[in-house]
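Chemist: below is the sequence, then the predicted model.
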Amino acid sequence: MPKRTDIRKILLIGSGPIIIGQACEFDYSGTQACKALKEEGFTVVLVNSNPATIMTDTEFADRTYIEPITPEMVAKIIDRERPDALLPTIGGQTGLNIAVSLHEMGVLRKYGVELIGASFEAIQKAEDRDLFRKAMEKLGLVVPLSGYVRSLDEAFGVIQAIGYPAIIRPSFTLGGTGAGIAYNREEYEDAVRWALDASPKRTVLIEQSVIGWKEFELEVMRDLKDNVVIVCSIENLDPMGIHTGDSITVAPAQTLTDKEYQLMRNAAIRIIREIGVDTGGSNIQFAVHPDTGEMVVIEMNPRVSRSSALASKATGFPIAKIAAKLAVGYTLDEIPNDITRETPASFEPTIDYVVSKIPRFTFEKFPQTEDLLGTQMKSVGEVMAIGRTFKESLQKALRSLEIGVYGFDPVLPPPESGAPETRRKAIAEKLRRPNSQRLLYIGEAIREGFRIEEINRMTGIDIWFLENVRQIIEEEAALRDRRERFRGLGNDAKVPGDEEEALRRAKSMGFSDRRLASLFGMSEDSVRALRLRAGIRPGFRRVDTCGAEFEAYTPYFYSSYDEENEAAPSSRKKVVILGGGPNRIGQGIEFDYCCVHGVFALREEGYEAIMVNCNPETVSTDYDTSDRLYFEPLTKEDVLAIIAQEKPIGVIVQFGGQTPLKLSVPLEKEGVPIIGTSPDSIDRAEDRERFKELLDLLGLKQPPNGIARSADEAVTIAGRIGYPVLLRPSYVLGGRAMEIVHDEEGMRQYLHRAVQASEEKPVLIDKFLEDAIEIDVDAISDGETVVIGGVMEHIEEAGVHSGDSACSLPPHSISREITQEIMRQTKALAKELGVVGLMNVQFAVKKGEIFILEVNPRASRTIPFVSKAIGIPLAKLAAKVMVGKKLPDLGFTEDIIPGHISVKEAVFPFIKFPHVDTILGPEMKSTGEVMGIDSKFGRAFAKAQIAAGMMLPKGGKVFVSIRDADKEGMLAPVRMLHELGFRITATGGTADFLNRHDIPAEPVLKITEGRPHVADLIKNGEIALVINTPLGAQSKADSYYIRRTALVYNIPYVTTLAAAKAVAHAIFHLMEEDLTVRSLQEYHGAGVRQARDGVQGGGTGR
Amino acid sequence: MPERKAILALADGTLYRGTAFGHIGESGGEVVFNTGMTGYQEVITDPSYKGQMVTMTSPEIGNTGINPDDGESSRPWVEGFIVREVWRLPSSWRHVESLDGYLRRYHVCGISGVDTRALTRRLRDGGSQMGIISSVDLDEKRLVRKAKDLPPIVGRDLVREVTSARETRWETGDWDLGKGYLPASEYRIRFGRIPKVVAIDYGIKQNILRMLVSRGMEVTLVPSETTASAILSKRPDGILLSNGPGDPEGVPYAIHTVRELLGKVPMFGICLGHQIMGLALGGRTFKMKFGHHGCNQPVMDLATGKVEITSQNHNFSVDGSSLGDRARITHVNLNDKTVEGLCVPSLRCFSVQYHPEASPGPHDSRYLFTRFHRYLTGEEDL
């Protein structure tokens, strides 16, 4: 069926900020969809509030709206753009939900917008539990029994049909509170009571438990002619009970016979037909009883999902791109398979390798919450690795994680240090209760002599996977037994046949040099040298969708130690860009954005751009992005192997965040040409002593500071510079373990609890500048010319991590003179450091005085935001500068101060982590960001808040509870709210204070003062906005409970004085005039044209 | 168990070193690759692989062991089995023994630890060729010579070695989870008319028989050399020409028999049966470079334009142009445009090159058995 000609303009909805459960995979799929539709000549209108996405670059859509993704705002875009169709299936759950709302509001009917890909009815049938169950029953398929209850009585009725064990899940909680499991009546009653209380609508879902069953997923595609193919099967190593996003998963499925697999395949095909997803991809999850093979259907996502991104990367079949083409009328047989060129997309990929995905967690950021996995997703990122066998891919995935392990490293102290029984108990505990380290504990269990049947009983993990781990551990033991032999091989001795064979075998099982080094008691470099002497090097294989049946043209590679090498490097001038690895808090999509721009720029300049990364969610790992893609771990060993193969003229490390930056010195030592700012300059900015000299040289100031190598020294330094002080361990990113202390007692506590200062690991102490304004500056330099990309003023005061603070570009409160001076200082720093590429400087301004907090000569987290705000692709220009272009050649010599205001706001994962407080501090906690653009600060800020999910109220009751220090400052915003017609309610002290200042405030009881207290009001929906700044330690628990309740009940809340001011301001503007929408293309005109010309110049737009 | 070395030597001199599993010994055959990710038990028990050694492109093999239900015949037929990694400890609630043990029991040589992707690329670029697996003779030169000396597949009658010795009635239908194979009686009550079908066994996969039974047909299986008159004397309503190993031109007697039967009784040919029908209709067949062996081959039904994902296993193909207007081409392979289906309404016969019985592979094409039934009962025309 040919392309539809009755539609011309298509609206795409992105997924918004990166949150747990919705990460950059939707930028990958959205970007693919945009490209595919533009390629077909459609006019593409895109809305996404996330500026750090490639899809929101102005060349990917004809009209790009960085606006809040709410039904109201999207309706305004529809009104303005009048699209013919809306493709709701590429923007994750957000895109789907908005499409449903627009349908229900009648917007789609009013403007004649057709839902393509999936109809409203199909979405409803897949998403509504009852409709889905009925549909499955019609097909004769089984779903776990379930029912909603609104009271304990109803709960006892429902359980009779469902039986124990049952899962009890509070509804409408934004997935925040997790679920309970009950094995008997008593537990059930407790769990239901708890869940009813936890649910804002007092509704609880009771489900039959299939915990411990094997979990599978199929990625299904269907076209308008009703052709259906299965793109990929995925098996979860972790059984049912752990969210798929938090499970280790493997493709293809490994423990199904053909007969069992075909039953699942048949079910999937019937499901996609019955649900009525017309075109595109769906993800269907199944659970299989390990002892009987009984199969139940868990759920279906009628859209592109996290798993489909993984399936695309795992097979080479670009699901989102093909889904977009199917949505506009093509059929699978009409679309060629890019990889083989000769064969059509109407086939099922077969793969001749094993893919493992391991999630990446950041429990260390949330110490109040237990490292425990369940049905609520908690991971913030993931890695994927490809190997010829499961063992190889699993070990590659482990070292890709960047959690300090390079294989099955021990996680317990050595056996000598504890009684065997305690050890076994500790291990058993970790096996029984799923946690982020469980795989490593399985390794420990096997070392400790647990039988795999025992481990299977404790974990529910299939014997096949466990046997693989056992073989790895067994091999480790055999290697360790030979350690003396390996160590005895001098520096240039020939490697004897036995050792060579053992090494080769180990490498083909996926052992890293680093892991071998610890097994042998040697250095990584010596193992590497030994291995190279033995002639053992990895070869590269192509991901080809067809198991080598046809020749592959797409250069998408992974390494293995099998015999052949298919890399066939070209003789072109080439540059390698090292990616950022797994998403984590502090290092996310922003860095992938920069890498992708680096690739685009290099291709434009005629270089072959080679990408290395291991994060399957990203645009950078789309084989369509770079000239060559290596899907490999970002470790020294793996990167050096690629460099040896490709021999690039340069390697770029400054785009991917800390991951590649850490590699710059080790790589340089091996003679790898690092291009851009020199590692020495990076060191000058990072080394405290050298940095001080640099500032002295330039006559710039930094807050008084010192380095402590012991607790006493720390106390002395703090005494000298004066409290409060900011403490942090040296060399950290994302503000890990960073804290502000106000007195010696706090200092001693920190040193006892968080970080022990020592000679090797000193603690950095800075004077904390109270009430200072923080400023972030991004600049670009070619070594001669420095241009300021943007000056951003933080909304939250100093002390809140820059990644967590909202900010405004241009600054909204500091004077023009100060801005100018900050720009001058930035340029001086860039010139003195000889920066070639990007640089970020953080300043603090206190009483007109400017202090430099830190200088990072690399791409920062704010680069995409700044690029979107000013309409100039900074990262792209930076890559061009790194290969020798000068800024004047690129036409970028003037600092740009845009006429509109852009506000960035951070988005937090607190809801997913029980018991975590929502207050902000020097340790970064946000997972993503949104952007609001408008002509006035208040409106831009309001848009950013709405985009971040904070539904700013236009009336109602504001609850105010503030610490003494903030009281004076809080008067203005509270008065403003009062004058806007809000009623104010406050706890005793605050109410008195407000009343004394002529702001009428009703008192309300604190939680400790009896009932009804403030949390009751929040739960009853009587509070529209919570303003609560952290109080003294004595009532911390009280104020914590208020914040947490507001969070769970989705009530807007602010926890800082600065944010309260901005929110009051935003509400004022919201009430004054309705928000309007405007596309980036309209905001920028000339700047966009420039950027676009850059792209067309090199012809990247494949 | 200590590891024992094994070598796979190809006639072109390429050598692959690995570890022996299954039978310790030596065997030879044409080496072909199969791209299916599931169904190794079905593959090794498929009589069509007689004379061939199979390498699976999927690297992890043996994961689910061997179970009593998933065989396509009563024993393995591959001459050798070549894998990247073999699993001696199976994990499946249905397994009764390991792949290793099973192959040992039937004296089939296996070799693991082979870079099967390199081997596949070799076969893809150079075409299928003869090879030897040995774990008893590790003299590389001698093995290559032995591989070169193996008789080629072209023109050989391999059907004789796999066909059943005598006529049998087939009494089981389709498999279901938890129920296993249902008896024919289960199906008879569901269908009004039960046509009598004679299936000619050129090396039939049992799932073809199960499909026929479960679509309401009464099935008698006869040896490949059964004459046309002997078949006609059974007064069948339809005849099924089964799959089987090797070159269709190696079985002239079968072509002769089918030619005699054409037009007299409705016929449905599968795989080798399809090729034999093509030859009986006066067409030609040719040997493909490396054939189709896998579960993901896209085939278009030209009547509807719909695509089926099919299970395939063949090295020979009917040359579409050789048939002229003697047959209508009904199905085409979308990868290489080879003929996948034929139909001659005037002679009441149709055939497909692929395996509608799947096993292993997708069930997309099972409708053909229903079509056969409906044709035999007069409910549908060709």
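Modeler: Cool, the structure landed. None of the values given here were measured: they were computed from a predicted structure. Numbers count the residues shown, from 1 in each chain, chains lettered A, B, ... in the order given.
Chemist: ok, B:W77 touching B:D46?
Modeler: Yes - with the criterion set as C-beta atoms under 8 Å, B:W77 and B:D46 qualify as a contacting pair; they are 6.5 Å apart. For the C-beta atoms, the positions are set from N, CA and C on the backbone; glycine is no exception.
Chemist: compare these two (neighbour count), which wins?
Modeler: Using other C-beta atoms under 10 Å in any protein chain shown, the more surrounded residue of B:W77 and B:D46 is B:D46, with 34 against 25.
Chemist: in space, what's closest to the more buried one - neighbours in sequence excluded?
Modeler: Nearest non-adjacent residue to B:D46, counting by C-beta to C-beta, 6 or more residues apart in numbering or on different chains: B:E72, 4.9 Å away.
Chemist: report the contact partners of the one you found.
Modeler: With contacts taken as C-beta atoms under 8 Å, 6 or more residues apart in numbering or on different chains, B:E72 has the following neighbours: B:42, B:45-47, B:205-207, B:359.
Chemist: and it, what helix or strand is that in?
Modeler: With the criterion set as DSSP states H and E, no secondary-structure element contains B:E72; it sits in neither a helix nor a strand.
Chemist: and residue 30, what helix or strand is that in?
Modeler: Looking at chain A here, since you left the chain open. Counting by DSSP H and E, the element that carries A:G30 is helix A:25-39.
Chemist: ah, I was thinking of chain B
Modeler: Applying DSSP H and E as the criterion places B:E30 in strand B:26-34.
Chemist: state the distance from A:L694 to chain B.
Modeler: Separation of A:L694 from chain B (C-beta to the nearest C-beta, to the nearest Å) stands at 53 Å.
Chemist: er, A:M221 I mean
Modeler: Noted for A:M221: a distance of 11 Å to chain B, by C-beta to the nearest C-beta.
Chemist: so that residue belongs to a helix, correct?
Modeler: No - with DSSP: H, G, I helix; E, B strand; the rest coil as the criterion, A:M221 is located in strand rather than a helix.
Chemist: the helix holding A:G30 packs against which elements?
Modeler: Under the contact criterion of 3 or more C-beta pairs under 8 Å, 6 or more residues apart in numbering or on different chains; DSSP states H and E, helix A:25-39 touches strand A:9-13, strand A:43-47, helix A:92-104, helix A:306-315, helix A:319-327.
Chemist: now it against helix A:319-327, angle please.
Modeler: Using axes from the mean of the first three to the mean of the last three C-alpha atoms, to 10 degrees, the interaxial angle of helix A:25-39 with respect to helix A:319-327 works out to 40 degrees.
Chemist: per-residue confidence averaged over helix A:25-39?
Modeler: For helix A:25-39, the mean per-residue pLDDT is 96.
Chemist: check which residues of that helix are buried.
Modeler: A:25-38 (16 or more other C-beta atoms under 10 Å in any protein chain shown).
Chemist: check stretch B:193-202 too.
Modeler: For stretch B:193-202, the neighbour count (16+ other C-beta under 10 Å) marks B:194-195, B:197-202 as buried.
Chemist: okay, helices next: where are they in chain B?
Modeler: In order along the chain, chain B carries the following helices (DSSP state H): B:40-44, B:99-105, B:116-126, B:140-149, B:159-162, B:184-188, B:206-214, B:228-232, B:252-261, B:272-280, B:367-376.
Chemist: mind checking the ones you listed for the one nearest to chain A?
Modeler: Proximity of the helices of chain B to chain A was assessed by C-beta to the nearest C-beta; the nearest stretch is helix B:116-126, lying at 4.2 Å.
Chemist: and the gap between B:Q52 and B:T35?
Modeler: Going from B:Q52 to B:T35 by C-beta to C-beta, to the nearest Å gives 15 Å.
Chemist: those two: which is more packed in?
Modeler: Comparing B:Q52 with B:T35 by neighbour count (other C-beta under 10 Å), the higher total belongs to B:Q52, at 27 against 24.
Chemist: surely the more buried one is in contact with B:N34?
Modeler: No - counting by C-beta under 8 Å, B:Q52 does not reach B:N34; the two are 9.8 Å apart.
Chemist: show me the contacts for A:S119.
Modeler: Contact criterion C-beta under 8 Å, 6+ apart gives A:276, A:278 as the residues in contact with A:S119.
Chemist: now do it, the pLDDT please.
Modeler: Turning to A:S119, the model gives it a pLDDT of 94.
Chemist: look up phi and psi at A:D622.
Modeler: For A:D622, the backbone dihedrals are phi -80, psi 130 (criterion: degrees, to the nearest 10).
Chemist: pretty sure it is touching A:D27, no?
Modeler: No - shown here, A:D622 and A:D27 do not form a contact pair, counting by C-beta under 8 Å, at 10.0 Å.
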